[in-house]
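1. From the sequence below, what's the structure:
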Amino acid sequence: MKEDVIYFIFFDILLKIDHSCYNLKAFFCFEAFFLYINKEAKFISFSDFDNYKLNDPELIGLDHVWELYLQAIDHNVSNKAGDLLIKIFKFASQDNWKIFETLKQNFIDILINHIKIGYLELQNLQNMGKN
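-> Predicted coordinates:
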């Protein structure tokens, strides 16, 4: 497949699909493109399919993996996204403590953002009930 087609599929299709619409086939497709794009960007190096080294904590599409983990309606998709995140954390902690700490901080930031959004939604619902 040509590089421009690969990038089009990843950036213009897979990253734009609503998280609630993902099924397992879509996730496996996303995962393959995610790993390929980050390998090409030299953010990940592979020793074999299940073992890789993280060279940079700013993986392309990592925010999408988090969103799939936190928001996917299909629990199988959420579980697979969680498995991918565990692998990423596992290999980051083995290779480079600084990368691991950056990933941890990003995770905390994402969770705080989700808590804020949930809090605002609850406030809006309470305010609507008062009117």
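2. which residues of the protein fall in helices?
-> Along the chain, counting by DSSP state H, helices occupy 3-7, 24-40, 62-71, 75-95, 97-130.
3. and these, which is most packed in?
-> Mean neighbour count (mean count of other Cβ atoms under 10 Å) peaks for helix 62-71 among the helices of the chain, with a mean of 19. Every residue, glycine included, has its C-beta placed from N, CA and C.
4. contact partners of that helix?
-> Residues outside helix 62-71 that contact it (Cβ atoms under 8 Å, 6 or more residues apart in numbering) are 14-15, 19-20, 22, 27, 30, 34, 77-78, 81-82, 84-85, 88, 106-107, 110, 114.
5. Give me the mean pLDDT for that helix.
-> For helix 62-71, mean pLDDT is 91.
6. Out of the helices of the chain, which gets nearest to residue 47?
-> Smallest distance to residue 47 across the helices of the chain (Cβ to Cβ): 9.9 Å, for helix 75-95.
7. so how far is the closest one off the chain centroid?
-> Averaging C-alpha positions (Cα atoms, centre = their mean, to the nearest Å) puts helix 75-95 9 Å from its chain's average.
8. still on that earlier bit, okay, the helices of the chain in a markdown table with distance to residue 55 next?
-> Compiled in a markdown table, the helices of the chain are given as follows (distance: least, Cβ to Cβ, whole Å):
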| stretch | distance to residue 55 |
| --- | --- |
| helix 3-7 | 20 |
| helix 24-40 | 9 |
| helix 62-71 | 13 |
| helix 75-95 | 8 |
| helix 97-130 | 8 |
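9. what residue ranges in the chain score low on pLDDT?
-> 1, 49-50, 93-97, 99-100, 131 (pLDDT under 70).
10. Could you tell me the phi and psi values at the closest residue to residue 20 other than its chain neighbours?
-> Among residues not flanking residue 20 along the chain, residue 73 sits closest, at 4.7 Å (Cβ to Cβ, 6 or more residues apart in numbering). Dihedral pair for residue 73: phi -70, psi -40, per degrees, to the nearest 10.
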